[in-house]
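S.K.: Got a sequence here, can you model it:
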Amino acid sequence: MTVSARTWSFGSDCSRSVALCALLSAALVGGCATAVRAPKTTEAEDRSHVDPNSAAAHASRGSALIGEGKLEQALAEFREASRLDPTNSVLWLQLSQVYELMGRGEEALNSLETGLQADPGNAGILNQLGWLYATSGDPSQRDPEKAVAYAQRAVEASNGRDANILDTLAEAYYANRDFDRAIEAEERALEIEPGSDALRIQLQKFREAKALESVR
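M.R.: Model (predicted):
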């Protein structure tokens, strides 16, 4: 399971939020790109094997609270999880996503940067940084050049095989008004996921932007 399928770049805010909640619900405690799906167990078995004070338990409770819409309480759980296991990059990624849901962009970016220190090659974190720097509504946080740099690293880390990450790269190019490269990256994403309506909408956006640019 790769965490890059988010936020971690999506063609629309709606699909991005759905994937975000799914990611948080997973409450992964291993490496972003290497986590494996655990054998199915009953809830009672899970409770008997997980220390209720462990980082994993806090992350699990946090994801449940997200589903209930209790963001402040979820934030407290993910903060404690990352405090207990500060080298776990996935926990920092999850914490950043809670901040993002709460509209706290600067803290989301700070959490991602901390996670990247723990795992510099984490494609999910690189991808999320690229997306946030490309799309932030706060001018003080928006940085198209950084967006491209992080997104390119995410593509390299994922061997160019993740459509969502390629979508982030395309969005970063778009933020830099480099429409030809945006179109090229989005077309590569669609080659990987040809049935994605969200990616097609993105591609159309980039093509329209290029057409408008050419008539100015």
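
S.K.: measure residue 54 to residue 74 for me?
M.R.: 17 Å (C-beta to C-beta, to the nearest Å). (Glycine included, C-beta is placed from N, CA and C.)

S.K.: These two: which has the busier surroundings?
M.R.: residue 74 (25 against 14; other C-beta atoms under 10 Å).

S.K.: got a list of what that one touches?
M.R.: 62, 63, 65, 66, 98 (C-beta atoms under 8 Å, 6 or more residues apart in numbering).

S.K.: Against residue 160, how distant is residue 118?
M.R.: Residue 118 is 24 Å from residue 160, by C-beta to C-beta.

S.K.: Where in this structure is the helix or strand with the lowest mean pLDDT?
M.R.: Every helix and strand of the chain was ranked by mean pLDDT, DSSP states H and E. The lowest is helix 13-26, at a mean of 44.

S.K.: Residue 186 touches residue 166, doesn't it?
M.R.: Yes: Residue 186 is within contact range of residue 166, at 7.2 Å (criterion: C-beta atoms under 8 Å).

S.K.: and the longest helix for the protein?
M.R.: The residue-count maximum for a helix in the chain (DSSP state H) belongs to helix 197-214.

S.K.: what helices or strands is that helix leaning on?
M.R.: Applying 3 or more C-beta pairs under 8 Å, 6 or more residues apart in numbering; DSSP states H and E, we find helix 197-214 packed against helix 163-175, helix 179-192.

S.K.: If we use 10 Å, what do you get?
M.R.: If contacts are counted by 3 or more C-beta pairs under 10 Å, 6 or more residues apart in numbering; DSSP states H and E, helix 197-214 sits against helix 13-26, helix 163-175, helix 179-192.

S.K.: For that helix, list every residue counted as buried.
M.R.: Using 16 or more other C-beta atoms under 10 Å as the test for burial, helix 197-214 gives 198, 199, 200, 202, 203, 205, 206, 210.

S.K.: Surely the last one is in contact with residue 216, unless I've mixed up the numbering?
M.R.: Meaning residue 210. No: at 11.1 Å, residue 210 and residue 216 do not qualify as touching, with contact defined as C-beta atoms under 10 Å.

S.K.: Now do residue 137 against residue 102, distance only.
M.R.: In terms of C-beta to C-beta, residue 137 sits 14 Å off from residue 102.
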